[in-house]
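Visitor: got a predicted model here, sequence first, then my questions.
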Amino acid sequence: MVSKLMIVFVVVDVLFAMCGGLLMGFSLIAEQNMRATPTVDNVAPNLLLDQCPLTAGVVNAIFIFVTFLLSIPAFFLPQNRGWLRLQGWLVVFCATFTLGLGLSVWVETLTTRNKLSKIWSGQPEITQRLLQQKFNCCGYDDAIKFAKDDDAQNPICPSSIVALDKGPCIGKFSSFANSYLDKIFTAAFGVVGVDVILVLCVAMVLKYRQEQERYRHIDEKNGLDGL
């Protein structure tokens with residue numbers, strides 16, 4: 001009969017694999033979206049995703065899947081503790097990997113304004129105009145400098161008067177970037193939380209199997225043949 005501890009272990013192990021799927025799906029979809037034609041809706045997220053370690057996220061997801069597959073023998077071999085130990089160390093590695101990814105995104109939020117200034121300046125004029133349209137602003141930190149009077153191709157900031165009224169994009173763009181990146185690194189830290197719970201489950205299952213083996217040895221000494 002399967003114990004409640006093993007049921008909890010399997011549930012958390014499946015959640016662990018699902019987290020790997022989440023990392024893989026997000027990274028691949030993000031990379032695909034970044035290759036799409038820039039629009040008002042995707043221009044800002046794509047610029048931010050370009051600063052995220054998406055390739056490392058795919059690699060991390062692969063390690064998670066491998067770790068999950070190696071946990072299957074641990075479930076079907078109740079008297080074996082080697083597979084569990086291997087899984088435990090791999091989960092620790094995956095948790096450290098994911099934590100590093102989350103911290104790298106978190107660090108980006110600490111220097112958002114400096115990074116966004118470089119990102120903005122490195123974009124073609126059409127991308128800058130899409131950003132202005134999305135945030136209803138003019139220029140990055142100097143609205144009047146970006147606007148050109150009687151510029152028919154720039155309907156968002158057609159004159160210095162309109163530009164002055166709307167103001168620069170630095171505040172709105174920075175606020176959006178912080179909010180967007182916060183969601184990403186918070187999700188990464190949530191995955192680490194699942195990893196920690198799984199490590200605790202592995203430790204409890206190891207302890208449980210160690211005790212069961214000790215009881216079997218005691219029964220064998222008493223002539224009960226391990227029963």
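Guide: Done, it's in. Numbers count the residues shown, from 1 in each chain.
Visitor: in the chain, where is pLDDT below threshold?
Guide: Low-confidence segments of the chain (pLDDT under 70): 1-2, 78, 145-154, 212-227.
Visitor: element containing the residue nearest the centre of it?
Guide: Among the residues of the chain, residue 188 comes closest to the average C-alpha position under CA atoms, centre = their mean, at 3.9 Å. Here residue 188, judged by DSSP states H and E, is contained in helix 170-221.
Visitor: likewise residue 79?
Guide: Secondary structure (DSSP H and E) places residue 79 outside all helices and strands.
Visitor: for residue 63, see how far away it is.
Guide: Distance, residue 79 to residue 63, using CB to CB, to the nearest Å: 27 Å. In short, each C-beta sits where N, CA and C put it, glycine included.
Visitor: higher neighbour count, those two?
Guide: residue 63 (17 against 8; other CB atoms under 10 Å).
Visitor: pretty sure that one contacts residue 97?
Guide: Yes: using CB atoms under 8 Å, residue 63 makes contact with residue 97 at a distance of 6.5 Å.
Visitor: the closest residue to residue 63 other than its chain neighbours - how many residues pack around it?
Guide: Leaving aside its chain neighbours, residue 63 sits nearest to residue 94 (5.3 Å; criterion: CB to CB, 6 or more residues apart in numbering). Using other CB under 10 Å, residue 94 has 27 neighbouring residues.
Visitor: contacts only, for residue 94.
Guide: 60, 63, 64, 67, 195 (CB atoms under 8 Å, 6 or more residues apart in numbering).
Visitor: what comes up buried for stretch 9-29?
Guide: 9, 12, 13, 16, 17, 19, 20, 22, 23, 24, 26, 27 (16 or more other CB atoms under 10 Å).
Visitor: quick check, nearest of the residues you listed to residue 204?
Guide: Residue 204 lies nearest to residue 9 out of the buried residues of stretch 9-29, by CB to CB, at 7.8 Å.
Visitor: distance to residue 130 added to the buried residues of stretch 9-29, as CSV?
Guide: Listed next are the buried residues of stretch 9-29 as CSV, based on distance: CB to CB, whole Å:
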residue, distance to residue 130
9, 49
12, 43
13, 44
16, 39
17, 38
19, 33
20, 34
22, 29
23, 29
24, 29
26, 23
27, 24
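Visitor: tell me which of these fall in helices.
Guide: 9, 12, 13, 16, 17, 19, 20, 22, 23, 24, 26, 27 (DSSP state H).
Visitor: the last one reaches residue 57, doesn't it?
Guide: Yes: with contact taken as CB under 8 Å, residue 27 and residue 57 are classed as touching, separated by 3.8 Å.
Visitor: picking that back up, most neighbours among the contacts of residue 94, which one?
Guide: Counting by other CB under 10 Å, top hit in those: residue 64 with 28 neighbours.
Visitor: alright, that wraps it up for me.
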